[in-house]
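J.: Fold the following.
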Amino acid sequence: MENTLGSPGAREKEEERLAKLYGYNITANYEKAGTFQHVVGMAAHIFKAPIAFVNFVDERSTWITDSWGMQGITELDRGVTLCSHAILRDGVTVFEDAKEEPCLLSNPFVHGDFGLQFYAGAPIRTPEGFNIGIVGIGDTRPRKFSREEEKTLEGLAAIVMEELEERRERLNQDSSRQG
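T.: Numbers count the residues shown, from 1 in each chain. Okay, here's the model as predicted:
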């Protein structure tokens with residue numbers, strides 16, 4: 001995949017995206033028993049996927065705030081995650097057979113022990129249009145993924161974004177009352 005962050009305009013947009021991401025105060029320990037866990041469980045069930053996750057992507061890392069099939073992993077280098085590709089796209093990113101994708105030829109999740117062969121990720125998009133994370137699923141076998149399934153995954157990403165907005169609003173209200 002082409003590196004689009006090299007141009008001055010792209011760097012400025014990335015800085016704005018990161019500011020939006022950090023404005024939500026997301027950490028690797030974000031409410032493990034809450035909405036994100038439910039979204040991950042629904043994604044795994046709906047798509048009958050052995051891997052499901054809610055991830056957020058900053059300049060260096062991909063934070064796994066909740067997952068199914070990836071327990072114990074909370075942070076990965078941005079350069080090795082498929083979410084690093086998906087975060088750059090406005091729609092759902094689908095690799096039906098990741099081993100056949102030229103942009104993933106050296107990816108350790110695809111060609112290493114993990115053996116990821118299928119990936120679908122919907123961007124978690126702020127109201128301003130910045131992609132700050134991904135709700136996604138994966139499998140160790142190739143799969144087809146329909147447009148209807150893409151819309152369902154986008155709906156799950158929208159639930160995560162709504163939760164983040166509501167949480168930020170609650171925190172702002174709490175700060176106003178204390179101030």
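J.: how about the helices in this protein?
T.: Shown for the chain, the helices assigned by DSSP state H span residues 8-23, 35-46, 83-86, 108-111, 147-178.
J.: Tell me what angle the first one forms with helix 147-178.
T.: If I follow you right, that is helix 8-23. Using axes from the mean of the first three to the mean of the last three C-alpha atoms, to 10 degrees, the inter-axis angle of helix 8-23 relative to helix 147-178 is 60 degrees.
J.: Same question for helix 8-23: list its buried residues.
T.: Within helix 8-23, the residues that qualify as buried by neighbour count (16 or more other C-beta atoms under 10 Å) are 14, 17, 20-21. (Glycine included, C-beta is placed from N, CA and C.)
J.: hmm, back to that, deepest-packed of the helices of the chain, please.
T.: Of all the helices of the chain, helix 83-86 has the most neighbours on average by mean count of other C-beta atoms under 10 Å, namely a mean of 22.
J.: quick one: low-confidence parts of the protein?
T.: Low-confidence segments of the chain (pLDDT under 70): 1-8, 27-33, 174-179.
J.: Report the beta-bridge partners for the residue nearest in space to the middle of it.
T.: Central residue of the chain (C-alpha atoms, centre = their mean): I134, 1.7 Å from the mean position. On the basis of DSSP bridges, I134 is bridged to N55, P123.
J.: didn't it look like it was pressed against A120?
T.: No. Using C-beta atoms under 8 Å, I134 is not in contact with A120, being 9.6 Å away.
J.: Cool, thanks, talk later.
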